[in-house]
Structures are given as structure tokens and as C-alpha cells.
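Q: sharing a model prediction with you, sequence too.
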Amino acid sequence: MIPALVSALRAMAAATALLTGAALAAPATALTPHPVKLDDGRSFTLNLPANLDIVPVVQGLKRVRFFARSPDGRLFVTDMHDLSDNKLGRVYALDGWDEKTERYTKVSAYLDKLRNPNSVAFYTDPAGQSWLYLANTDKLLRYRYRNGDLKPSSEPEALASFPDYGLSYKYGGWHLTRTLAFGGGKLYVSVGSSCNACVEKEDVRAAILQMNPDGSSRRIYASGLRNAVGLLYRDGKLFATNQGSDHLGDQKPDETMFVVQDGADYGWPYCYYSNGKVAADPKFPRKSGCANAPKTFSYFPSHASALGFGWFPASDNGQLRDEYVVALHGASKLALNHGYRLVRVKADGRSGGDLVTGFLANGKVLGRPCDVLRTGRDSFLFSDDKSGVIYRVRPKR
């Protein structure tokens, strides 16, 4: 009986180890097949909870990326055009929502001929002037915004410039994106690394910057973040997703999510995270080691490319209440089946399991989720930057 008991205890320990993250994973909701049809003739199946439905609401875009709401409630979205370093990017204004057809009837190019526009944000200053902020690869701009504008009402003001060189994008090294978030009267900007793993020459790389809305008092808010593409400021805290290095194998490092601490060093390139725990990268030893690297809030499978995410408050009292929905963009190694889905993260960092899957099927990539924008109770939009589609998820009617 003793050997049998030992075997049982070992089995329980192994099962617990698989579930262990920031906390034990919450029970996952069963997903069911939902058919999707696109205007280009493609049809396929995505999987999500039975009481939710999924509808394409904008099609025909290119590399559609991150959302923002304007002060007058309009929806704006960036489009980087393709994977190259180009000046063909656009910012679109989406208007004329038709609830019956579930389509935006007017999609206007608010700005064009942009260098890899990944993120826009809005801010209204104490004088009542609203501004649209745009993050390109090489600079941060802002434009005066008037309600209902179809084009900017002023020439741009340049608030900051960023290093814009690095390894060719096709080698996975140079990160072209810059992401914006406002909170507590400050503007936060993430700037990715110039390489997969290296000691940077400039402290602005692999960091999150903080500045005043006019660009003054710029400083490094957090460092050692290889590519913190997703940013969200909530309840006095800045949350970020971050992408790990590519040279440590198929099963590590984690893709991570942090509550970003002011002044913290998250360790890259010297440190990485595996199963939620920090470890030293043998390729980049340092005397101080990695013991002081902050803990993760949550984490995801290696190379899953965690990008944008949205928050669903407890006051919604819906299926997604008190949770984040995170877009996992997907790994270049399709056999890993990491990413290509939307996942749920509880308010305490526990995994809530998958929410939307099926963008990788039988070795074929059908889409790559990028950003998530909550629009109501159990309702949100998310962008697919491979197919140029914006989807709506909502309660089934």
C-alpha cells in the first residue's frame, strides 16, 4: 500500500505542477465550434463558449493593430500595412455602426503615409483641448482633435524621437512598434529592443518611458522589457505584456504579463522567466544575477507573442467579469501551437483558460489576434493583423 500511496502523491504533485502559475489555473470554460465567413470567400471554424458569438465587422484592411476611443466615442485603429519597415501605414476612423448588419458603414483613412503606426491614444488637456497621439517607429506625434474630424485639424507636434535602426525585421530582431497608454496624468510609451538578445547601446530601448502629455520630463519608467507591446493603465497601475527572447528553445522563455513597477529592471537580456520563475540566461551573465527581477503577474506559453488586452470589470456581472482578455499573436514555429488565440486571465493573475481558438488549424494560419477592446458586457472587438479583419465577440442572440 505504501508504494501505491507514494505513486498517488507523485501523480497529484505532477498535476499540480502543470497548473501552477501566479496561482492555480481556474476551471476552463468549454469551447464550441462557430462558423465564420469572410467577404473574400474564406470560411472556417473558430471555437468559443456556446453562449457567445463571433462576427467580422470590418474587413479589407491590411496589418490592422491597436484600438483607441476618441473623446466623442468614435473608434480609431492603426494599420501597419505589412511586416516590412515601410511608410504605408494608416490610422482609420470607424463610423456609422449598423447594429442590424453588425458592420461599420464608414471606414475613413484619418492619417496615411505613416511609418509603422502601431498605437494611438487620446488625451484632453486641462484647457479642454483634445489631442490624438500617434506612435510611429521613429517618433511620437500629437495632433489637435475636434469631435467628428475626418482629418487632423492641425499639423503634428513632435514630442519625442526613438532609435529606428536594428537587425532586419525578417530576422526577428528589430522591433518596429511603439505602444501608448495614458494614466494618472502621464503618458507611457513602450519601445522594443533592437535585437533578439543583446546589451543595448541606448537606455530607451527595451523599456517603458514616462512623460508629461506635452513630452516634457521624459524618463525611464521600467527597463529590461524586451518588447512590451501591450499596455493598459487601470486603477492606478500600469499593466504590460512582454515578449521573451527566441534563442532559449521551444519551451522557454515564458511570454509574460506584469504590473509594471516604477524604476524596476525586468532583467532582459540577462534574465528570463520560465514557468513564472526568473532564471539567468547563460549567454548574458551579470554579477548582480536575477534575484531582484520582479515577479510576473501572469504568464503564457513560450513564443506565443502576448500583445494587446482588455479589462472586463466586475460591475459587468457577465461571463468575463473581473478578467482580462489577452491576444496571443502566435509563434513562428507552427508545430508548437502556441498562441493564435485569445485567453482569459483572472484579476489575481490566474489563468482562466482559452476564450477563442482555431486561428491555427491543420498547420494553416487563419488569423493572428492583436488587440482587444471591450465594448460592453461580454462584448468586445479584436483585431486580426494577418487577414486585416476586426471581429466582434458578443452574447449569442
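A: Perfect, I can see it now.
Q: just the helices in the stretch 1-150 of the chain please.
A: 2-19 (DSSP state H, counting those that start in this stretch).
Q: I'd assumed residue 396 was in contact with residue 379.
A: No. Assessed by CB atoms under 8 Å, residue 379 is found out of contact with residue 396, at 11.2 Å. All C-beta atoms are positioned from the backbone trio N, CA, C, and that covers glycine.
Q: these two: who's more crowded?
A: residue 379 (17 against 12; other CB atoms under 10 Å).
Q: identify the residue spatially nearest to that one, adjacent ones excluded.
A: residue 394 (4.2 Å; CB to CB, 6 or more residues apart in numbering).
Q: where does that neighbour land in three-state SS?
A: strand (DSSP: H, G, I helix; E, B strand; the rest coil).
Q: next, count neighbours for it.
A: 17.
Q: what's the answer for residue 250, then?
A: Neighbour tally, residue 250, other CB under 10 Å: 12.
Q: near the closest residue to it other than its chain neighbours, how many other residues are there?
A: Spatially, and ignoring its direct neighbours in sequence, residue 250 is nearest to residue 336 (5.8 Å; CB to CB, 6+ apart). Other residues near residue 336 come to 16 when the count uses other CB under 10 Å.
Q: for the one 4 residues further on, same thing?
A: Residue crowding around residue 340 was assessed by other CB under 10 Å; the count is 25.
Q: so which residues make contact with stretch 316-324?
A: 29, 49, 51-52, 239, 257, 309-315, 344-347, 352, 355, 376-378, 395 (CB atoms under 8 Å, 6 or more residues apart in numbering).
Q: now list the buried members of those.
A: Listed as buried from the contacts of stretch 316-324 are 29, 49, 52, 239, 257, 309-313, 344-346, 352, 355, 377-378; burial here means 16 or more other CB atoms under 10 Å.
Q: who's the closest spatial neighbour of residue 252, skipping the chain neighbours?
A: residue 274 (4.4 Å).
Q: who's in contact with that neighbour?
A: With CB under 8 Å, 6+ apart, residue 274 has these contacts: 252, 253, 254.
Q: give me the mean pLDDT for stretch 180-192.
A: For stretch 180-192, mean pLDDT rounds to 97.
Q: buried ones in it?
A: 180, 181, 182, 183, 186, 187, 188, 189, 190, 191, 192.
Q: so what does the fourth one look like in phi/psi?
A: The phi/psi pair for residue 183 (degrees, to the nearest 10) reads phi -170, psi 140.
Q: phi, psi of the residue lying closest to it once chain neighbours are set aside?
A: Ranked by CB to CB, 6+ apart and with sequence neighbours excluded, the top spatial neighbour of residue 183 is residue 233, at 2.7 Å. Backbone geometry at residue 233, expressed as degrees, to the nearest 10, gives phi -100, psi 120.
Q: how about the contacts made by residue 233?
A: 181, 182, 183, 184, 188, 239.
Q: swap the cut-off to 7 Å and go again
A: Residue 233 makes contact with 181, 182, 183, 188 under the criterion CB atoms under 7 Å, 6 or more residues apart in numbering.
Q: returning to that earlier point: what is the residue nearest to residue 252 paired to in the beta sheet?
A: Counting by DSSP bridges, residue 274 forms beta bridges with residue 277.
Q: and the lengthiest strand in the chain, which residues are buried?
A: What stands out as the longest strand in the chain, according to DSSP state E, is strand 103-114. Residues of strand 103-114 classed as buried by neighbour count (16+ other CB under 10 Å): 103, 104, 107, 108, 110, 111, 114.
Q: okay, the residues you listed in CSV with distance to residue 262 next?
A: Below are the buried residues of strand 103-114 laid out as CSV (distance: CB to CB, whole Å):
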residue, distance to residue 262
103, 43
104, 38
107, 39
108, 38
110, 33
111, 32
114, 31
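Q: let me know the closest of the residues you listed to residue 327.
A: residue 104 (20.0 Å; CB to CB).
Q: list the residues that contact the closest one.
A: 57, 58, 94, 95, 96, 97.
Q: try it again at 6 Å.
A: Contact partners of residue 104, counting by CB atoms under 6 Å, 6 or more residues apart in numbering, are 58, 94, 96, 97.
Q: just the buried ones among those, please.
A: The buried subset of those - by 16+ other CB under 10 Å - is 58, 94.
Q: mind listing which of the contacts of residue 104 are in strands?
A: Per DSSP E, the contacts of residue 104 map to strands at 58, 94, 96, 97.
Q: how about the last one, nearest residue that isn't a chain neighbour?
A: Spelled out, it's residue 97. Nearest to residue 97 is residue 104, by CB to CB, 6+ apart, at 5.7 Å.
Q: just to revisit the earlier point, rebuild the buried residues of strand 103-114 as CSV, extending it with pLDDT.
A: Shown next, in CSV, are the buried residues of strand 103-114 (pLDDT from 0 to 100):
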residue, pLDDT
103, 97
104, 97
107, 97
108, 97
110, 98
111, 98
114, 98
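Q: what pairs with residue 187 across the strands?
A: With DSSP bridges as the rule, residue 187 is bridged to residue 182, residue 211.
Q: tell me how far it lies from residue 206.
A: Residue 187 sits 19 Å away from residue 206, going by CB to CB, to the nearest Å.
Q: with residue 233 instead?
A: Distance from residue 233 to residue 206, by CB to CB: 20 Å.
Q: where does the protein dip in pLDDT?
A: 1-26, 167-173 (pLDDT under 70).
Q: now residue 197: which helix or strand?
A: According to DSSP states H and E, residue 197 maps onto no helix or strand at all.
Q: residue contacts, residue 54?
A: 34, 46, 391, 393.
Q: any idea what it is bridged to?
A: residue 393.
Q: including distance to residue 81, could the buried residues of stretch 180-192 go into TSV?
A: What follows is those, written out as TSV (distance: CB to CB, whole Å):
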residue	distance to residue 81
180	19
181	23
182	26
183	29
186	30
187	25
188	25
189	21
190	21
191	21
192	18
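Q: pick out whichever of these sits closest to residue 221.
A: residue 188 (6.5 Å).
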